[in-house]
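Student: can you look at this prediction? I've put the sequence above it.
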Amino acid sequence: MKMYIFCAITSLLFLGCNPKNQTEQPKEDTLKVEFSLPKKLKEVSGITLSPDKKTIWAIEDKGNKNVVYGLNTQGELVADVLVENAENDDWEDIIKDTQGNIYIGNFGNNDNDRQNLSILKLDLKDASQKTTKAIQTTKFHYEGQTEFPPKKSNWLYDCEAFVEMKGNFYLFTKNRSKGFDGTFLVFKVPNKEGDFEAKLIGRLKLDGKYSDAAITSAAINSTQDKIVLLNHKNIRVLSGFTADNFNSAKIQKIPLHHDSQKESIVFLDDKTLLIADEKDKKTGGNVYKYSF
């Protein structure tokens with residue numbers, strides 16, 4: 001019995017000193033449905049907010065139109081904005097920078113074989129627009145990828161999640177490798193027109209199986225010291241990173257106790273997140289609110 005008590009106390013102390021192993025248990029029913037998405041939006045892959053937070057901009061992924069959809073805060077469709085000069089090869093995330101500029105990540109790469117990856121900066125101001133254009137195209141390829149596709153044990157070059165921070169994009173890859181182990185890569189790309197090598201600045205690992213640890217979206221808070229990563233069942237909060245190194249980042253796991261194909265996340269404010277999931281026969285097709 002003494003040995004059991006000693007081991008239990010030691011385990012608690014160890015967890016308390018190692019943030020990477022900490023798990024925060026949310027209160028019950030903290031994932032609240034704000035509204036159901038319009039029926040035409042079945043495959044929402046990214047959401048972001050207008051600067052005044054009155055419009056939720058949403059996109060869909062491969063196989064859907066090159067359109068950005070605007071929703072009001074009740075979930076009503078108020079805008080269909082055609083992107084005139086860009087194809088939806090596989091749009092996987094949409095974000096806003098601190099100046100209010102909107103960017104689309106055209107970098108979905110399920111088979112790890114694409115060589116036309118890009119990030120599009122849009123001339124998108126408000127929900128009254130009928131069309132918009134990409135006014136900057138940031139093309140890139142990944143440092144370290146030399147085969148298209150590589151061996152299935154190294155399918156680490158799909159991406160569905162990115163943020164913008166201090167003039168650079170940060171991409172968090174989605175592991176599709178055979179023998180999934182939760183590993184993901186962090187790449188840095190300058191926020192400017194051109195064709196660049198995405199620099200590898202982090203190789204980290206999340207615990208759990210594919211639905212627990214395959215990254216589907218990302219968002220950064222207003223002070224840019226915390227980044228949230230989304231997957232089907234959990235949120236991970238990254239902190240302690242630097243602009244050029246994510247290897248030392250602390251990772252906090254927040255289980256949502258809710259399993260669906262969650263593809264989109266954005267900060268409503270620094271203590272509140274909006275999360276969207278895709279619609280299938282039984283679940284999803286909603287926007288949820290989560291409060292820290």
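Tutor: Structure's in. What do you need?

Student: going by C-alpha atoms from here, please, whenever you check contacts or count neighbours.
Tutor: Will do.

Student: quick one: low-confidence ranges for the stretch 1-150 of the chain?
Tutor: Applying pLDDT under 70 to the stretch 1-150 of the chain flags the ranges 1-29.

Student: next SSE after the helix or strand harbouring Tyr103?
Tutor: According to DSSP states H and E, Tyr103 maps onto strand 102-106. Sequence order places strand 118-122 as the next helix or strand after strand 102-106, per DSSP H and E.

Student: still on that earlier bit, so which residues make contact with the strand holding Tyr103?
Tutor: 88-96, 117-124, 160-162 (CA atoms under 8 Å, 6 or more residues apart in numbering).

Student: switch to 7 Å and redo it
Tutor: Contacts with strand 102-106, where a contact means CA atoms under 7 Å, 6 or more residues apart in numbering, come from 89-96, 117-122, 124.

Student: likewise stretch 281-292?
Tutor: By CA under 7 Å, 6+ apart, stretch 281-292 touches 30-37, 42, 260, 271-279.

Student: ok, back up a step: partners of the strand holding Tyr103 in the sheet?
Tutor: strand 93-96 (antiparallel), strand 118-122 (antiparallel) (DSSP bridges).

Student: returning to what we had before: just the buried residues of the contacts of strand 102-106.
Tutor: Burial by neighbour count, 16 or more other CA atoms under 10 Å: within the contacts of strand 102-106 this picks out 89-96, 117-122, 124.

Student: and those residues, which is closest to Thr146?
Tutor: Leu117 (14.6 Å; CA to CA).

Student: which residue, other than its chain neighbours, is closest to the closest one?
Tutor: Spatial nearest neighbour of Leu117, chain neighbours left out: Phe107 (4.9 Å); criterion: CA to CA, 6 or more residues apart in numbering.

Student: where's that neighbour relative to Gly75, distance?
Tutor: 27 Å (CA to CA, to the nearest Å).

Student: neighbour-wise, which of these two wins?
Tutor: The residue with more neighbours, out of Phe107 and Gly75, is Phe107; 28 against 17, by other CA atoms under 10 Å.

Student: for Gly108, what are its contacts?
Tutor: Contacts of Gly108 (CA under 7 Å, 6+ apart): 90-92, 158-160.

Student: keep only those of the residues you listed that are in strands.
Tutor: 158-160 (DSSP state E).

Student: shouldn't Phe35 be in contact with Gly75?
Tutor: Yes: if you go by CA atoms under 7 Å, Phe35 and Gly75 touch, sitting 5.8 Å apart.

Student: on that earlier part again, if any of the contacts of stretch 281-292 are buried, give me the ChimeraX selection for them.
Tutor: To isolate the buried members of these in ChimeraX, using 16+ other CA under 10 Å:
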select :31,34,35,36,37,42,260,273,274,275,276,277,278,279
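
Student: tell me the helices and strands packed up against the helix or strand where Ser45 lies.
Tutor: Using DSSP H and E, Ser45 maps to strand 44-49. With contacts taken as 3 or more CA pairs under 7 Å, 6 or more residues apart in numbering; DSSP states H and E, strand 44-49 sits against strand 56-60, strand 93-96, strand 262-269.

Student: residue ranges with poor pLDDT in the stretch 151-292 of the chain?
Tutor: For the stretch 151-292 of the chain (pLDDT under 70), the answer is none.

Student: strands of that one, start to end?
Tutor: Assigned by DSSP state E, counting those that start in this stretch, the stretch 151-292 of the chain shows strands spanning 158-165, 168-174, 183-190, 194-205, 217-220, 227-230, 234-239, 250-255, 262-269, 272-277, 286-291.
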